[in-house]
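[1] Sharing a model that was predicted from the sequence below.
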Number of protein chains: 2
Amino acid sequence: MSPQPPLSTERRVLDAAKVCCERWGIEKVTIDDIASEAGVSRATLYRMFPGGKDVLFDALRLQEIEDFFTRLLAHLEGVDDLEELLTRTVVSATHELRNDQHLAVMLASEPGDTLGQLTVDGLPRIIRVATLFIVPLVDPFLPRPESARLVELLARLVISYFLAPSDHVDFADADSARLFIRTFIIPAFAASLIRS
Amino acid sequence: MSPQPPLSTERRVLDAAKVCCERWGIEKVTIDDIASEAGVSRATLYRMFPGGKDVLFDALRLQEIEDFFTRLLAHLEGVDDLEELLTRTVVSATHELRNDQHLAVMLASEPGDTLGQLTVDGLPRIIRVATLFIVPLVDPFLPRPESARLVELLARLVISYFLAPSDHVDFADADSARLFIRTFIIPAFAASLIRS
DNA sequence: GACACTAAGACGAAATCTGTCTCAGTGTCA
DNA sequence: TGACACTGAGACAGATTTCGTCTTAGTGTC
């Protein structure tokens, strides 16, 4: 967002935590690993995240989610067609998820039971945040209750097709995604469409 | 070599150790990790490798080296031309090294100072083993002291160009390697060549 | 039944990690 | 100058993990 040349200490620590996770896996990372990777003393780290690893990883998850949607929004700029907007949304989101194995874990929660978290505990949070970010973009096309329902539906579908890819639909492929959206999504909301 | 359908326990353990190393990095792997990855009890592991991790990793290094040269030899079968033999040797070896980051570590020794080991402690061992495996293939073309010298020279060059790639020579590229060998290696040993 | 091999896990010792704390050094602001 | 906020370094005790050895019991083979 803002241009912080020296990069905030907190950001450095969280980035270091991410690097460590990617290198060793979340269950093998220690506070010391993160501190020295960030070039920061352990004391600073505890001052910044009282509660230790749990709090730190919570913050990291939060940052990951924000980064995720920030990147996503960048791919949606200037789109003024609902079908195109939704298509790009699912395609970009799917690409992000597939490219960053680590991201999927972070969006969810603890390791080991990644899938469990992604589908049980993690889902509501992701849907909530997705709504927060994406609904405003859909608002021009749909009245509020409908846009929220649409975004939730899409979020669920993206995650479902990510976890269990289908032979018939590939959300990573723009054409396939567009066809899906044109066929199943748009018609369902056609009645509410705001004709501008 | 021999067809062992159930795969020996020792092999299973070493393979498990390799898997664990690739997943977590050598410094984060515990005996327990390896044991459970191999589906073997810790006691068995200690019986098999008295001395623990050190002995186990020594054995792993040995296996890696043997596998390395076994794969290498497979690429050299039936070659009856010295230039072609040497070319394939450096190309295959270079590919193996580049494709398997883990292999380079194993061929050397402890992690952290991989390069230090690869160039200081590791080099003599690799050269020794390389000689053991490759010299017999060169024997038909050169008298013994020359063939040993040739193999040692090649081993040093492969490792050097692997560690510090050059703009002028690419041992991963067959044409480039062949040109290099034709220009710099063969002539140096031309006088000793056994004309069959 | 003797034998070789194994899994499971108890055990104490050693090593590592955690979380809190103190102390000293730095830069900022008034 | 002094109050203030922030930091690195590291001591410290306690929790946790890991290590290496050991015992016990189970299995298959001869």
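    Looks like it arrived, so ask away.
[2] where does chain A come near DNA strand D, residue by residue?
    For chain A, the contact set with DNA strand D under C-beta under 7 Å from any atom of the strand comprises A:9, A:39, A:40, A:41, A:42, A:43, A:44, A:47, A:48. Using the backbone N, CA and C atoms, a C-beta is placed for each residue, glycine as well.
[3] In contact with the nearest residue to the second one once chain neighbours are set aside, which residues?
    Looking back up the chat, that one is residue A:39. Leaving aside its chain neighbours, residue A:39 sits nearest to residue A:12 (7.4 Å; criterion: C-beta to C-beta, 6 or more residues apart in numbering or on different chains). Each residue near residue A:12 by C-beta atoms under 8 Å, 6 or more residues apart in numbering or on different chains is listed here: A:38, A:39, A:40.
[4] for the last one, what are its contacts?
    The reference is to residue A:40. With contact taken as C-beta under 8 Å, 6+ apart, residue A:40 is in contact with A:9, A:12, A:13, A:16.
[5] ok, and the most crowded of the residues of chain A next to DNA strand D?
    Most neighbours among those, by other C-beta atoms under 10 Å in any protein chain shown: residue A:40, with 17 neighbours.
[6] Distance check, that one against residue A:33.
    Residue A:40 sits 12 Å away from residue A:33, going by C-beta to C-beta, to the nearest Å.
[7] Name the spans of chain A whose pLDDT lies under the cut-off.
    Across chain A, residues meeting the criterion (pLDDT under 70) sit at A:1-7, A:101-122, A:195-196.
[8] quick one, domains of it?
    Structural domains assigned to chain A are A:1-48, A:60-189, following automatic domain parsing.
[9] winner for burial among those domains?
    Highest mean neighbour count among the domains of chain A (mean count of other C-beta atoms under 10 Å in any protein chain shown): domain A:60-189, with a mean of 17.
[10] and it with DNA strand C, contact?
    No - judged by C-beta under 7 Å from any atom of the strand, domain A:60-189 and DNA strand C are separated, with a smallest distance of 14.0 Å.
[11] what secondary structure does residue A:76 sit in?
    Under DSSP: H, G, I helix; E, B strand; the rest coil, residue A:76 falls in the coil class.
[12] give me the element the closest residue to it other than its chain neighbours is part of.
    In space, and not counting its chain neighbours, residue A:76 is closest to residue A:88: 5.6 Å by C-beta to C-beta, 6+ apart. Assigned by DSSP states H and E, residue A:88 belongs to helix A:82-99.
[13] now, which of the contacts of residue A:40 sits nearest residue A:57?
    Set against residue A:57, the nearest of those by C-beta to C-beta is residue A:13 (11.4 Å).
[14] So which residue of chain A lies furthest out from the middle?
    Relative to the mean C-alpha coordinate of chain A, counting by C-alpha atoms, centre = their mean, the farthest residue is residue A:43 (30.7 Å).
[15] my read: residue A:95 touches residue A:172, true?
    Yes - using C-beta atoms under 8 Å, residue A:95 is in contact with residue A:172, at 5.8 Å.
[16] In CSV, list the contacts of residue A:12 along with secondary structure and distance to residue A:142.
    As requested, the contacts of residue A:12 are exported to CSV (DSSP: H, G, I helix; E, B strand; the rest coil; distance: C-beta to C-beta, whole Å):
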residue, secondary structure, distance to residue A:142
A:38, helix, 44
A:39, coil, 48
A:40, coil, 46
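[17] Please identify which of those residues is nearest to residue A:100.
    For those, the nearest to residue A:100 is residue A:38 (20.3 Å; C-beta to C-beta).
[18] Quick check: the residue of chain A at minimum distance from DNA strand C vs residue B:27, distance?
    Among all residues of chain A, residue A:52 sits closest to DNA strand C, at 2.5 Å; criterion: C-beta to the nearest atom of the strand. To residue B:27, residue A:52 is 22 Å away according to C-beta to C-beta.
[19] Just send the residues of chain A next to DNA strand D back as TSV, with distance to residue A:70 and secondary structure too.
    Converted to TSV, the residues of chain A next to DNA strand D look like this (distance: C-beta to C-beta, whole Å; DSSP: H, G, I helix; E, B strand; the rest coil):
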residue	distance to residue A:70	secondary structure
A:9	20	helix
A:39	25	coil
A:40	24	coil
A:41	30	coil
A:42	30	helix
A:43	31	helix
A:44	26	helix
A:47	27	helix
A:48	22	helix
